[in-house]
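Q: Take this sequence and fold it.
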Amino acid sequence: MTFAYLLGPMADAGIPAGPATAAAVNYIPRLQLPDGSFPVIIARPPQESSYFTATALVVRGMNHYATPAAEPAIKT
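A: Alright, predicted model coming up:
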């Protein structure tokens, strides 16, 4: 969930939404697993090896940078 690791610090730095964040927010829901979690794409323990961490980071980034087009995917 490399995108998720980028969105959080971008939000913390006050970077406004733009084409790059919109692309990430529209792409990320496609990776969601049937159980609602998000996969670990590149396993790099300890930080990038947990489905829980990946999912939490996705939720944080998506909540901050959600676009109107992505909102239905976020709320389901």
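Q: what does the helix ranked longest in the chain contact?
A: Among the elements of type helix in the chain, defined by DSSP state H, the one spanning the most residues is helix 51-65. Residues lying outside helix 51-65 but in contact with it, judged by Cβ atoms under 8 Å, 6 or more residues apart in numbering, are 1, 3-8, 10-11, 17, 21-22, 24-25, 28-29, 33, 36-40, 47-48, 70, 74. Just so you know, the C-beta spots here come from the backbone N, C-alpha and C atoms, and that holds for glycine as well.
Q: Spatially central residue for the protein, please.
A: Here the mean C-alpha position of the chain is nearest to the C-alpha of residue 58 (Cα atoms, centre = their mean), at a distance of 2.8 Å.
Q: Can you check the pLDDT for residue 1?
A: Per-residue pLDDT puts residue 1 at 60.
Q: ugh, typo on my part, it should be residue 39
A: At residue 39, pLDDT is 84.
Q: need the contact list for it.
A: Contact analysis of residue 39 by Cβ under 8 Å, 6+ apart lists 1, 31, 33, 51, 54.
Q: and if we set it to 6 Å?
A: Contact analysis of residue 39 by Cβ atoms under 6 Å, 6 or more residues apart in numbering lists nothing.
Q: Looks to me like it is in a strand.
A: No - inclusion of residue 39 in a strand is not indicated when DSSP: H, G, I helix; E, B strand; the rest coil is applied; the result is coil.
Q: Residue 55 and residue 68: what is the separation?
A: 23 Å (Cβ to Cβ, to the nearest Å).
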